[in-house]
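> Return atomic coordinates for the entry below.
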Amino acid sequence: MAAPGLRPGLGRLFEMPAALGRVRRAYSTSQAFAEVLRLPKKQLTKLVFPLQELERHLVPDSKHEFHLKIFDPSLEDIARAESIFTATAQNRIEYLSSAERLDHAPALPRPEVCFIGRSNVGKSSLIKALFSLAPDVEVRVSKKPGHTKKMNFFKVGKYFTLVDMPGYGYRAPEDFVDMVETYLKERKNLMRTFLLVDSVVGIQKTDNIAVEMCEEFALPYVMVLTKIDKSSKGHLLKQVLQIQKFVDTKTQGCFPQLFPVSAVTYSGIHLLRCFIADITGNLKTHGFQFS
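Numbering: from 1, shown residues only. Now for the predicted structure:
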C-alpha cells in the first residue's frame, strides 16, 4: 500500500495544465522550474524523473529490478524544495569555510549532508548544479582531477549544510583517509552521505572502498550516478541495472533507489534537491513509499 498523500502514479502528475499553474502560485516556484512545468509530459519525465524515463526501455521481466517509487514526491513537493535552494535576502546560501581536519570544521547545529566520490566523478559540477538557484555561490570546478583538497562547507539558509569532500583515488590529498574517515565517524549532525558514481564506467575499485567505509560506520548513504548525458540509452540502462543489483545484494545502509543526474542537462537535479530537503527534515514530503 502506498503511504497516504502520495501520488498514486506518474499519470496523475500531468492531469491538467491548470494543476501545474496551481503549483506555481502556491509555492512561488522559481522561473526555471516554472519553465520545466510547461514541458511536454515526455520531456518533463526525462528531466525530473530520469529513472522513470529509463523504465520505458526495460523488458517486462527486468522492471522489478528498478526501485522507482521509494522516494515519490509530487510536483508540489519539488516546487517547495526549489524554494529552499533559491537564494533570497531571507534565505542566504553561501560558502562558509574549508577545513583539513574535523576539529577545524565549523560547529554547526543544523543538519548536514556530504558528497564524496572518486576524483573526476563530477562532484563539484553536481554541487554547482544544485546551487544554480544561488548564482552568487562560488563552487570551483576544474577539469583536472583532485581539485578539491579540503572539506568545503556551504550553508543553505536556516535549513542545512552541504559539505563537498575531497575526491578519492587519483590525486587525492595525502591525508584523505584521516580527514574523511574522522568526519564520517564523528560528525554528529551528518544526516546522509551522497556517494557519487560515474554512470559511464560504473562502480570502480576505489568506489568499493568508499562503500565499505560507509557500511563499516553504519552510515545511511545514497548512490548518485553522474554524467548520464554522456551515455547512450542502452549503455546507461546496462550500468543502472548493474549498479542497482550491486546495491541490492552488496550493501546494507545504501538507500535502495538510485539517483541518476546530469550537471549538463540538469536531468535529475530537481528530484535530488527534493530528496536532500526531505531527508534533512525541511520538507516532510512523505515521499517514501513502502509496500
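> what ranges of the stretch 151-291 of the chain fall below the confidence cut-off?
Within the stretch 151-291 of the chain, the stretches with pLDDT under 70 are 169-177, 286, 289-291.
> ok, 80 please
169-179, 284-291 (pLDDT under 80).
> can you map out the helices along it?
176-186, 205-216, 233-250, 269-279 (DSSP state H, counting those that start in this stretch).
> Looking at the ones you listed, spot the one closest to V113.
helix 269-279 (5.9 Å; C-beta to C-beta). The C-beta positions use only the backbone N, C-alpha and C, and glycine is treated the same way.
> distance between that closest one and the chain's centre?
Centroid displacement of helix 269-279 relative to its chain, using C-alpha atoms, centre = their mean, to the nearest Å, is 6 Å.
> Quick check: which ranges of the stretch 1-150 of the chain have low pLDDT?
For the stretch 1-150 of the chain, the ranges with pLDDT under 80 are 1-31, 58-66, 140-149.
> so where do the helices sit in it?
For the stretch 1-150 of the chain, the helices defined by DSSP H, counting those that start in this stretch occupy 10-13, 17-27, 31-37, 41-48, 50-55, 75-84, 123-130.
> D278 is nearest to which of those helices?
Of all these, it is helix 75-84 that lies closest to D278, at 7.5 Å by C-beta to C-beta.
> how far off helix 269-279 does the closest one point, in degrees?
With axes from the mean of the first three to the mean of the last three C-alpha atoms, to 10 degrees applied, the angle from helix 75-84 to helix 269-279 works out at 80 degrees.
> And helix 75-84, what does it pack against?
helix 17-27, helix 31-37, helix 269-279 (3 or more C-beta pairs under 8 Å, 6 or more residues apart in numbering; DSSP states H and E).
> thinking again about what came up before, quick one, which of the helices of the stretch 1-150 of the chain is nearest to G287?
Using C-beta to C-beta, the nearest of these to G287 is helix 75-84, at 6.0 Å.
> give me every residue that touches L237.
By C-beta atoms under 8 Å, 6 or more residues apart in numbering, the residues touching L237 are L54, H57, L58.
> let's go with 7 Å and repeat that
L54, H57 (C-beta atoms under 7 Å, 6 or more residues apart in numbering).
> before we move on, the earlier item: which among the helices of the stretch 1-150 of the chain is found nearest to S97?
Closest approach to S97 among these is made by helix 123-130 (15.5 Å; C-beta to C-beta).
> Run the chain-centre distance for the closest one.
Its chain's C-alpha centre and that of helix 123-130 lie 10 Å apart, by C-alpha atoms, centre = their mean.
> what's it packed up against?
strand 112-117, strand 160-164, helix 269-279 (3 or more C-beta pairs under 7 Å, 6 or more residues apart in numbering; DSSP states H and E).
> now the angle from it to strand 112-117?
Using the same axes, to 10 degrees: helix 123-130 against strand 112-117 is 140 degrees.
> for helix 123-130, which positions count as buried?
Judged by neighbour count (16 or more other C-beta atoms under 10 Å), helix 123-130 contains these buried residues: K123, S124, S125, L126, I127, K128, A129, L130.
> gap between the last one and N208?
L130 sits 26 Å away from N208, taking C-beta to C-beta, to the nearest Å as the criterion.
> who's in contact with the longest strand anywhere in the chain?
What stands out as the longest strand in the chain, according to DSSP state E, is strand 190-198. With C-beta under 7 Å, 6+ apart as the test, strand 190-198 has contacts from 111-118, 121-123, 126, 184, 203, 207, 210-211, 214, 219-227, 243, 279-280.
> go with 8 Å
Here strand 190-198 makes contact (C-beta under 8 Å, 6+ apart) with 111-118, 120-123, 126, 160, 183-184, 203-204, 207, 210-211, 214, 219-227, 243, 254, 276, 279-281.
> now do stretch 127-137
Contacts of stretch 127-137 (C-beta under 8 Å, 6+ apart): 30, 32, 82, 85-87, 93-95, 115, 139, 141, 154, 162, 164, 261, 263, 266, 269, 272-273, 276.
> dump the residue contacts of the residue nearest to P256 when sequence neighbours are not counted.
Counting by C-beta to C-beta, 6 or more residues apart in numbering, P256 lies nearest to H67, which is 4.5 Å off, once chain neighbours are set aside. Neighbouring residues of H67 by C-beta under 8 Å, 6+ apart: Q244, P256, Q257, L258.
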